[in-house]
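**Student:** curious how this folds, go ahead:
(chains A and B)
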Amino acid sequence: MIEALGYEFFRSALAAGILSSIVCGIIGSYVVVKHMISVAGGISHAAFGGIGLGYFLGVDPIAGAFWFTLGVATLIWGLIDRARQHIDTLIGAFWAGGMAFGILCLSLTPGYTPDLFSYLFGNILLVPSGHLTLIAFLCAVVVGLVALLYPALQAIAFDQEYASISGLPTRIFNLLVLLLIAVSVVVLIQIVGIILVIALLTLPAAIIRPFSNTLKGMMIGATLTGMFITTTGIYLSWIFDVPSGSTIILLGVTLYFLVLCYKEVIFRVKTPKVHSE
Amino acid sequence: MENSPVIEVRNVNVNFQNQLILDNVNLVVRKGDFYAIIGPNGAGKTTLIRVILGLTPANSGEIFLFGKPASLEGRIRIGYVPQHQMFDFTFPITIREMVLTGRIGKKPGLIRRYKDEDYHAVDTALSRLSIKFLENRPISDLSGGERQRVLIARALAGDPDILILDEPTVYVDTPTEEHFYELLSILSKSITILMITHDIGVVSRHVTHVACLNRRLYQHDTNHLTADMLAKTYGCPVDLITHGDVPHRVLAYHGDKP
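**Tutor:** Take a look at the predicted model:
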C-alpha cells in the first residue's frame, strides 16, 4: 500500500474514489429510498449520448456527458407528468435512445476513439488531475445543496403528497433531485464507467439500509461504505492488475449479498418456529 | 347559533377515463363538526377528499376553505391523515422525524429548517396521542394502531383547524378501533373532523354529522343514518338492526345472495 501511494496516479485514484463515495452515499441513499433506481439507470446510460457527442464535436467527452445528462434529466422531468405513460416505458426510451445516439455520433466521428472503453467500463487509474478538481467541485455542490434542503427533501421522499399539501414546490424539488442524479452520474462515470454507474450509486445505500433508522444516517453510512469499497477495490485492482471499475463493483455486490445473508439469519432467529401437527 | 363553514364543496363533478366518479356533490362542514362520510368501496370517497385537498382536479364545481376559494393558504390549515397502508413503512425515518415533517408547511420558501417551536409542537402532538415513548423508534417497527396514531400526530403537529381522515380503521383490529374512535371523540372537542369510512356500525355513536356517498352525496345534517340513505348509497335493500335509536349493524342483501 505504502509503495502504491508513491505514485501520483494512485493518489489521484484514491482521492477520486473517496470523493465519489460522498456523492454515492448522499444521492444513492435518496435514489434507493425514493425507488428511483430505474430513473437513475436511464440517466446514466443516456450519458453515453453525451460522451459520443463530445467526441463528435471534438470537446472533452466528460463535458459532453455533463451537459447531455442535465438535458436528459430535465426532459425526463418534463415528460414524467405529461406523457401518460408508465414511467418505466419512458425511462427505457431514454436509456436506449441515449446509447444509440452516442453510437451514431461515434460512427460519424472520423478517426480512432481511444478512451471509449474506459468511459463504458471505467478506469479510475486514468482520472486526469483536471477532472479531480471537477469531481471535488461537483461533490461540494451535492453536499451543500442536500445539507441546505435536507428537511424538504426528506419530507418529499417520505410522502410527496403531504409535502405538496404543505406548500412545498415538489415539482421543483423533483427537478433538482434529477439534476443532482445527473451530476452524480458524471462523477461516477469516471470511476466505474457508464455500464456500472447504477451499481455504485445504489450498492453502498442498499448495504447500509438495514442498519440505519434515518435517511441522514443512511447517507453517512453509505458514504463510509462507499469509501471502503472504492479504496479497497482500487488497491486490489492495482495489486492484481485488473480493471478497477469491475473490482469495486464486485466487492460491493459481495458485501451486499453478505448483508442479505445476515438479514436472513437475524430474521430466522427473531421469528419463532411454527410447529406443525 | 350556527358555526361558520370551514369546508364547502359546491357542485363538484369528477370524471376519470369517461367514468363519473363524483356526481354534483355538495357538502358543508362547519367549525366544530365531527363529520363522517360513509359509502361502499369505489364510491368516490377518497376522490372527494383528494379534491378538497387539491390533489385531484375537479372537472367542474368549486371548493371553499374557511369561506374563501381553496388555495394553499387554506390547505395548510388542514391536517390530512391518509390511509396508512398506502405508505412505505420501510422508509428510514424515526417517529419523531416523521411527525416533524408535519411542520414543513409552516415555513416559507425553498429552504425550510426546523426550529425550537417546531420541536415543541412535535412533543405536544406526540403526548396528545400518548406515543411519546415511541419517538425514537423507526416507523418500520410500528403496529397498525400505532401507525395510525403517528399519522394523526403528524397532522396535529401542524396545528391544523381541520383534521381529514381517510379510512382510518382499515386493517386495524376491533379493540384498537374502538379505542381509536374514543380518541377521535376527544380530539373532536377541540378540532373540526371530517372522516371517511366504510364502517357504518361505529360511526353513529361518535360523530355529529353523517352523510352517505355513492357518486352522489346524501346529506342528512344529523348523526342518524336512515334506511333510506343507506339504500340509496349502497343501491340495494339494507336492514338496520338497531340498539335503541342508534343503528348498530347493517345486513345487506345483494341480488345474488338472498
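**Student:** kindly report the residues of chain A close to chain B.
**Tutor:** For chain A, the residues found near chain B under the criterion Cβ under 8 Å from any Cβ of the partner chain are A:33, A:35, A:148-149, A:151-152, A:154-155, A:157-159, A:161-169, A:172, A:209, A:212-215, A:217-218. Bear in mind the C-beta positions are built from the backbone N, C-alpha and C, glycine included.
**Student:** make it 6 Å
**Tutor:** When proximity is defined as Cβ under 6 Å from any Cβ of the partner chain, chain A approaches chain B at A:33, A:148, A:151-152, A:155, A:158, A:161, A:165-167, A:212-215, A:218.
**Student:** weed out the non-buried ones from these.
**Tutor:** Burial by neighbour count, judged by 16 or more other Cβ atoms under 10 Å in any protein chain shown, picks out A:33, A:151-152, A:155, A:158, A:165-167, A:212-215, A:218 from the residues of chain A next to chain B.
**Student:** so can I have JSON lines of those residues showing distance to A:Asp60, pLDDT and secondary structure?
**Tutor:** Conversion of these to JSON lines gives the following (distance: Cβ to Cβ, whole Å; pLDDT from 0 to 100; DSSP: H, G, I helix; E, B strand; the rest coil):
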{"residue": "A:Val33", "distance to A:Asp60": "33", "pLDDT": "93", "secondary structure": "helix"}
{"residue": "A:Pro151", "distance to A:Asp60": "37", "pLDDT": "92", "secondary structure": "helix"}
{"residue": "A:Ala152", "distance to A:Asp60": "34", "pLDDT": "92", "secondary structure": "helix"}
{"residue": "A:Ala155", "distance to A:Asp60": "38", "pLDDT": "92", "secondary structure": "helix"}
{"residue": "A:Phe158", "distance to A:Asp60": "39", "pLDDT": "93", "secondary structure": "helix"}
{"residue": "A:Ile165", "distance to A:Asp60": "44", "pLDDT": "88", "secondary structure": "helix"}
{"residue": "A:Ser166", "distance to A:Asp60": "42", "pLDDT": "87", "secondary structure": "coil"}
{"residue": "A:Gly167", "distance to A:Asp60": "42", "pLDDT": "85", "secondary structure": "coil"}
{"residue": "A:Ser212", "distance to A:Asp60": "37", "pLDDT": "92", "secondary structure": "coil"}
{"residue": "A:Asn213", "distance to A:Asp60": "42", "pLDDT": "90", "secondary structure": "coil"}
{"residue": "A:Thr214", "distance to A:Asp60": "39", "pLDDT": "93", "secondary structure": "coil"}
{"residue": "A:Leu215", "distance to A:Asp60": "34", "pLDDT": "95", "secondary structure": "helix"}
{"residue": "A:Met218", "distance to A:Asp60": "34", "pLDDT": "96", "secondary structure": "helix"}
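**Student:** separation between whichever residue of the stretch 51-200 of chain A sits closest to chain B and A:Ala93?
**Tutor:** Of the stretch 51-200 of chain A, the residue with the smallest distance to chain B, taken as Cβ to the nearest Cβ, is A:Ser166 at 3.1 Å. With distances taken as Cβ to Cβ, to the nearest Å, A:Ser166 is found 33 Å from A:Ala93.
**Student:** what's the answer for B:Lys132, then?
**Tutor:** Taking Cβ to Cβ as the criterion, B:Lys132 is separated from A:Ala93 by 50 Å.
**Student:** and the helices in chain A?
**Tutor:** Taking DSSP state H as the criterion, chain A carries its helices at A:2-5, A:8-33, A:37-57, A:61-80, A:87-108, A:116-121, A:129-158, A:160-165, A:170-192, A:197-208, A:215-240, A:244-270.
**Student:** the stretch 101-250 of chain B too?
**Tutor:** Secondary structure of the stretch 101-250 of chain B (DSSP state H, counting those that start in this stretch): helices located at B:116-128, B:144-157, B:174-187, B:200-206, B:227-234.
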